[in-house]
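Chemist: got a structure for you, letters missing:
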């Protein structure tokens with residue numbers, strides 16, 4: 001049975017893991033949303049506050065999307081005037097980009113269009129340039145290359161018109177990417193266009209001292225040379241990018257190593273499948289993989305597996321080729337499931353799986369067969385998981401019910417034990433009080449009467465008379481103390497007049513004997529709690545007051561007793577020396593243990609607030 005449960009658990013894990021791959025999701029933290037909305041609701045709506053939140057919006061990561069969305073919507077809804085128009089379109093632009101990065105291309109397209117439609121053409125040119133660039137990326141992700149190219153060229157012309165250098169550099173890079181990706185655009189003119197755009201971008205990024213962008217454009221330039229079969233020049237250009245690497249742009253090393261591997265691979269194919277170049281390609285792809293994993297770049301990791309498979313295939317190492325093809329297929333399938341292409345405007349777009357290299361058809365066929373078999377196995381496993389899940393849920397439900405019954409029985413047993421112990425204590429206290437009062441007290445009173453009668457019949461001088469009187473006085477004190485002990489063991493007022501009078505009587509007597517001011521307050525209803533509860537409440541107050549007098553050295557004590565319809569609230573507070581609350585963790589005193597047992601017996605909760613030199617307050621809530 002245990003083995004079957006383990007198998008079911010494993011299958012459930014695999015099933016939900018597969019479901020997680022098939023359904024992309026944004027991590028929405030509702031608690032965080034409520035918190036940010038509460039904060040924003042209290043914020044002053046002025047230009048300074050808006051700019052502060054714009055900065056926060058720009059620096060938040062995509063993992064914190066739900067917070068970005070809340071801030072952006074707050075800025076947009078509260079800046080709907082001409083005075084704050086710049087704030088509004090900047091928030092729309094950042095929100096559009098946020099939707100793009102989470103794969104919601106429909107909303108991204110809508111918000112970016114709102115930015116581009118605001119004001120005159122040259123108003124807010126930096127924000128609009130960023131919106132044009134982001135819109136081009138939306139068209140790229142939704143497979144509309146012509147629209148992508150149109151918006152890239154729009155951005156380039158718009159940025160040059162407004163002398164916006166960053167926009168010019170970004171648009172140049174995007175344009176060269178299109179020229180490099182389109183195989184039909186070959187020839188000297190295209191090559192020169194690519195080089196001119198790359199050189200212009202490098203110059204701008206050097207002026208702006210953005211090393212990450214410099215690295216990216218240098219690598220792109222080296223790739224352009226390699227695309228036109230100037231492999232060695234391309235390799236040297238890419239290698240020159242390494243001097244700009246810092247800890248800040250370490251992630252660029254993924255792209256750097258991948259492009260070097262790709263150039264060596266293409267060089268090997270061009271040079272009659274040169275084995276040395278394939279080995280160099282393999283070296284850089286293998287360097288790239290752990291870096292891609294480190295920076296969670298699954299797409300780059302998958303590409304490395306694909307190119308490694310092809311490299312080993314051309315080297316004749318089919319075992320390694322198949323191994324990397326399997327890794328590529330597994331990772332690529334996961335990424336395909338995570339992508340969520342949506343309809344934009346009136347065009348519906350279909351996703352096509354990236355085509356494998358035609359020269360490894362045999363390996364591709366085996367992979368497809370394996371994928372089909374996996375689907376069949378997943379279907380069978382899903383049915384088994386469902387059956388196993390129902391069985392496991394039923395088993396867990398029975399187990400939880402049994403555990404609940406056991407817990408309730410143990411709790412009931414403990415309560416019976418505590419009840420019996422407390423009743424036993426009170427019975428023993430009552431017996432001792434009765435024996436002391438009626439037995440020993442009566443005997444002492446008889447002795448006193450005997451001594452008094454003897455005095456009348458004895459002839460004593462003055463010194464003996466004085467000693468005799470002192471003995472009689474001591475006997476009186478002994479009888480008084482005996483009555484006090486008997487009263488404490490089982491207070492007569494509690495039995496005859498109830499809890500309220502017993503507590504007041506106790507506080508008065510303790511105030512007189514200790515010379516400590518005791519304030520006694522009783523609030524709420526005057527309902528009777530029953531004999532057992534009355535005794536326990538009285539003993540709790542007795543223990544707390546005695547502790548305050550004995551240990552706290554207090555000058556004043558507050559005792560407050562409040563009764564509601566189903567609760568009893570006790571507060572005993574003093575202005576004494578207090579103590580370190582942590583010492584109670586290892587407390588072994590009988591008084592504290594009895595106190596906890598009495599509180600637990602009445603299903604109560606106890607809270608102690610104290611610090612050295614700051615007094616002590618004990619708050620207890622009982623169900624009685």
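Modeler: Perfect, thanks for sending it. All figures in this text were calculated on a predicted structure; none of them were measured in a lab. Numbering: from 1, shown residues only.
Chemist: Only C-alpha atoms from now on, for both contacts and neighbour counts.
Modeler: Fine.
Chemist: Residue 305 is in contact with residue 324, correct?
Modeler: Yes - at 5.2 Å, residue 324 counts as touching residue 305 under the criterion of C-alpha atoms under 8 Å.
Chemist: Pick out whichever of these two has more residues nearby.
Modeler: Set residue 324 next to residue 305 and count neighbours by other C-alpha atoms under 10 Å: residue 305 wins out with 25 against 21.
Chemist: Tell me the confidence at that one?
Modeler: Here the pLDDT value assigned to residue 305 is 93.
Chemist: Then residue 432?
Modeler: If you check residue 432, the pLDDT there is 66.
Chemist: Same check on residue 253?
Modeler: pLDDT at residue 253 comes out at 89.
Chemist: where's it relative to residue 219, distance?
Modeler: 10 Å (C-alpha to C-alpha, to the nearest Å).
Chemist: which one of the two has more residues nearby?
Modeler: Per other C-alpha under 10 Å, whichever of residue 253 and residue 219 has more neighbours is residue 219, with 27 against 19.
Chemist: Tell me the pLDDT of the nearest residue to the more buried one once chain neighbours are set aside.
Modeler: Distance criterion C-alpha to C-alpha, 6 or more residues apart in numbering; nearest residue to residue 219, sequence neighbours excluded, is residue 238 at 4.8 Å. We have a pLDDT of 91 for residue 238.
Chemist: Helix or strand: which one has residue 238?
Modeler: helix 231-240 (DSSP states H and E).
Chemist: Heading C-terminal from that helix, find the next helix or strand.
Modeler: Sequence order places helix 252-270 as the next helix or strand after helix 231-240, per DSSP H and E.
Chemist: which helices and strands does that next one pack with?
Modeler: helix 211-227, helix 231-240, helix 275-294, helix 298-314 (3 or more C-alpha pairs under 8 Å, 6 or more residues apart in numbering; DSSP states H and E).
Chemist: could you redo the last one with a cut-off of 6 Å?
Modeler: In terms of contacts (3 or more C-alpha pairs under 6 Å, 6 or more residues apart in numbering; DSSP states H and E), helix 252-270 is packed against helix 275-294.
Chemist: For the helix it packs on, report the contacting residues that lie outside it.
Modeler: 254, 257, 258, 261, 264, 265, 268, 301, 304, 311 (C-alpha atoms under 6 Å, 6 or more residues apart in numbering).
Chemist: again with stretch 497-511
Modeler: Contacts with stretch 497-511, where a contact means C-alpha under 6 Å, 6+ apart, come from 493, 494, 517, 518, 534.
Chemist: again, but for stretch 311-322
Modeler: Against stretch 311-322 from outside (C-alpha under 6 Å, 6+ apart): 278, 309.
Chemist: For the contacts of helix 275-294, could you give me JSON lines that also reports distance to residue 165 and neighbour count?
Modeler: Shown next, in JSON lines, are the contacts of helix 275-294 (distance: C-alpha to C-alpha, whole Å; neighbours: other C-alpha atoms under 10 Å):
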{"residue": "254", "distance to residue 165": "27", "neighbour count": "23"}
{"residue": "257", "distance to residue 165": "28", "neighbour count": "23"}
{"residue": "258", "distance to residue 165": "29", "neighbour count": "24"}
{"residue": "261", "distance to residue 165": "32", "neighbour count": "29"}
{"residue": "264", "distance to residue 165": "34", "neighbour count": "26"}
{"residue": "265", "distance to residue 165": "35", "neighbour count": "26"}
{"residue": "268", "distance to residue 165": "39", "neighbour count": "22"}
{"residue": "301", "distance to residue 165": "33", "neighbour count": "24"}
{"residue": "304", "distance to residue 165": "34", "neighbour count": "28"}
{"residue": "311", "distance to residue 165": "41", "neighbour count": "28"}
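Chemist: picking up where we left off before, helices or strands up against the helix holding residue 238?
Modeler: Secondary elements touching helix 231-240 (3+ C-alpha pairs under 6 Å, 6+ apart): helix 211-227.
Chemist: If you count neighbours, what's buried in the helix it packs on?
Modeler: By 16 or more other C-alpha atoms under 10 Å, the buried positions in helix 211-227 come out as 211-227.
Chemist: Helices of the stretch 401-550 of the chain, residue ranges please.
Modeler: Along the stretch 401-550 of the chain, counting by DSSP state H, counting those that start in this stretch, helices occupy 441-457, 462-489, 492-497, 499-514, 531-547.
Chemist: among the ones you listed, which gets the worst mean confidence?
Modeler: Looking across the helices of the stretch 401-550 of the chain, the weakest by mean pLDDT turns out to be helix 441-457, at a mean of 63.
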